[in-house]
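In: Build the 3D model from these lines:
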Amino acid sequence: MATLSTNNPEQLVVIGKITTVYGVQGWVKIYSFTSPIDNLLSYRNCYVKRNGQWKAIAFEEGKRHGKGLVSRIVGVKDREEARLYSQCDIAVPASDMADLEEGDYYWHQLEGLKVIASSSEHPQPQLLGQVDHLIETGSNDVLVVRKCEGSIDKRERLIPYVPGEFVQAVDLAAGEIRVDWDPDF
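Out: Next comes the predicted model:
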């Protein structure tokens, strides 16, 4: 394994997690956040967070296995050495991620944005909070919105990420998402 570390973790995006070991020859199980899941294996500049530091890592011989992936870490030859990577996040530089079409966003771009709601019952814009994280449900993704400074209350809200229906606009530069959502929900 390469020992190069990065001192700029703000530019890294977590795309998966090594969950546990697989077999006895240095393979690990990986839970991928990418879609499709095996896209994770196509990145060449990967990092894992071990002992509080991001370290460069390379995978080889990866493949789908059940609902996840299995792969061998370059330079890791046995199960006990592979175990040292269990529960480590896998990240890549944001600059290595593919450009998306206009109107498409990576989850990490939406996290932290303020959510401003208006609806026919409440036409005056109201700050509901900010996106803490997203949940994949199968039919559509869901924004988990939690209180922030200036939000109307302390409630957590789950808002379906359905552009054109509930999500009216995403403005990354302004740091906000406009939604058609009743604040009482």
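In: Okay, buried residues for stretch 94-102 please.
Out: Buried residues in stretch 94-102, counted by 16 or more other C-beta atoms under 10 Å: Met97. All C-beta atoms are positioned from the backbone trio N, CA, C, and that covers glycine.
In: Could you check how far it is from the centre of its chain?
Out: 14 Å (C-alpha atoms, centre = their mean, to the nearest Å).
In: Give me the contact list for that stretch.
Out: Stretch 94-102 is contacted from outside by Gln11, Leu12, Val13, Tyr43, Arg44, Asn45, Tyr106, His108, using C-beta atoms under 8 Å, 6 or more residues apart in numbering.
In: Just the buried ones out of those residues, please.
Out: Leu12, Val13, Tyr43, His108.
In: Helix, strand, or coil at Asp38?
Out: Of the three states, Asp38 takes helix according to DSSP: H, G, I helix; E, B strand; the rest coil.
In: The residue of the chain most remote from its centre - nearest residue in space that isn't next to it in sequence?
Out: What lies farthest from the middle of the chain is Glu121; by C-alpha atoms, centre = their mean that is 33.4 Å. Residue nearest to Glu121 in three dimensions, not counting chain neighbours: Asp182, with 5.7 Å by C-beta to C-beta, 6 or more residues apart in numbering.
In: now that neighbour: how far from His122?
Out: For Asp182, the distance to His122 (C-beta to C-beta, to the nearest Å) stands at 6 Å.
In: rewinding a little: any idea of the pLDDT on the residue farthest from the centre of the chain?
Out: The confidence metric pLDDT takes the value 84 at Glu121.
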